[in-house]
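Asker: got a sequence here, can you build the structure:
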Amino acid sequence: MTDDKRRTRLRTAVIGAGKMGAIHAKVYDSLPQSELVAIVDTDTDKAGKLARKYRCDAIAECSELLGKVDAVTISTPTSSHYELAKLFIENGVAVMIEKPLASNAGQGREIVELAKSRGVVAAVGHSERCNPVVQALKRLEISPRFIEATRISPYPFRSTDIGVVLDVMIHDIDIILSLAASKVERVEAVGIGVIDPDKEDICNARIVFENGCIANVTASRLALKTERKVRVFSRQAYLSLDYFGKTGTIIKADTDNVELINKIRQLKDGGTFDLLRTDWTKLVHYEKLQIDDKEPLRLEQESFLEAVADKGLTPEVSAEQGLAALQCAEMILACIKKHKWD
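Answerer: Predicted coordinates for the structure are as follows:
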């Protein structure tokens, strides 16, 4: 490789050699615009094993990276996000922080303000925003009035330092905020901890937005199956999407359908028609959503590195957007605490 080509690649590193860290390392190693230089973890055995796989350095202390990297992904327990992000941002290193942005909105706000003042790119790893189903939904440019999201799975045995809202529900909170495109007016929520009484494992929340949009969100990490679905009601269409299965359907009125127009006119005029003799699917436009099967984490990291290389671009989920999701999550957690079950 020539020196010119080498200089076009961003020097990257992954902080944390756990499951998510390993996935991020694999993606960085495969991206042409990335030169993975190190894996950092206090568990030197874990870091060494992953570093050998991707032919890079294994480092125990983050401070050893300073001056050697352009961008890092922080894939460590949430409680460490603030201090690690602060260390790198203060030294001019771009950060991709695995969701949630920080342990609380106060820390998240400091990260946002610090990155802005230093002119450093800060992104949040809400990888579901890069899910091909969500990407396809974004292309439709709809204005939702009601959103119903369900995200349940068996207990994951990870992220035990946080409850299901910050671990799981925050994915849907981020997506819902991007779809609703409005400020949150109020929330109502109920949740309960089963494995750990102090950390909710199941939660249902209702989010009301200033523009009138309403979202009903359910998250559980104690289910017997994995389900990640969202339904969107809008003036333009009804959408049913399956993140896990990477499928989706759209149902909308066909304005060119003469039969539909006539049926509606009959009903308005007080007339009736035999539903049993009418195939309603022929009265509307029904189609499968066209979905590009691309790896969400790859899209997320590509977007992040493009923003690092070109300050005119923004990452898929900015620190500001990550903070908005965290603030909404805290509203839900406050509501759970207020209505805590005995």
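
Asker: show me what contacts L179?
Answerer: Shown in contact with L179 (Cβ atoms under 8 Å, 6 or more residues apart in numbering): L137, I142, P144, I147, V232. In this view, the C-beta of every residue, glycine as well, is placed from N, C-alpha and C.

Asker: who wins for most neighbours among the residues you listed?
Answerer: Ranked by neighbour count (other Cβ atoms under 10 Å), the contacts of L179 have V232 at the top, with 26 neighbours.

Asker: okay, that one: pLDDT?
Answerer: V232 is assigned 94 on the pLDDT scale.

Asker: skip the chain neighbours and tell me the closest residue to it.
Answerer: Of all residues not flanking V232 in the chain, L239 sits nearest, at 4.3 Å (Cβ to Cβ, 6 or more residues apart in numbering).

Asker: can you pull the contacts of that neighbour?
Answerer: L137, L140, I142, V230, R231, V232, G248, T249, I250, I251, L289.

Asker: what do you get if the cut-off is 7 Å, keeping everything else the same?
Answerer: Each residue near L239 by Cβ atoms under 7 Å, 6 or more residues apart in numbering is listed here: L137, R231, V232, G248, I250.

Asker: pull out the buried residues from the strand or helix carrying the first one.
Answerer: Pointing back at L137 there. Here L137 sits within helix 132-140, counting by DSSP states H and E. Residues P132, V133, V134, Q135, A136, L137 are the ones in helix 132-140 that count as buried (16 or more other Cβ atoms under 10 Å).

Asker: what is the nearest of these to G125?
Answerer: Ranked by distance to G125 (Cβ to Cβ), those are led by V134 at 14.3 Å.

Asker: about what we covered before: from the buried residues of helix 132-140, which is closest to P154?
Answerer: V133 (21.6 Å).

Asker: quick one, what contacts that closest one?
Answerer: Here V133 is in contact with L241, Y243, K246, G248, I291 (Cβ under 7 Å, 6+ apart).

Asker: out of these, flag the one nearest to M96.
Answerer: Y243 (20.9 Å).

Asker: which residue ranges form the strands in the stretch 151-300 of the chain?
Answerer: Secondary structure of the stretch 151-300 of the chain (DSSP state E, counting those that start in this stretch): strands at 184-192, 202-209, 214-220, 227-234, 238-242, 247-253, 284-288.

Asker: identify the residues contacting the closest residue to D242 other than its chain neighbours.
Answerer: The shortest distance from D242 to any non-neighbouring residue, by Cβ to Cβ, 6+ apart, is to K229 (5.3 Å). Shown in contact with K229 (Cβ under 7 Å, 6+ apart): T150, L241, D242, Y243.

Asker: recalculate using a threshold of 8 Å.
Answerer: By Cβ under 8 Å, 6+ apart, the neighbours of K229 are A149, T150, S240, L241, D242, Y243, F244.

Asker: any idea how far it lies from K68?
Answerer: According to Cβ to Cβ, to the nearest Å, K229 and K68 sit 43 Å apart.

Asker: same question for S220.
Answerer: S220 is 42 Å from K68, by Cβ to Cβ.

Asker: show me which of those two is the more surrounded one.
Answerer: Neighbour count, other Cβ under 10 Å: between S220 and K68, S220 has more, with 22 against 13.
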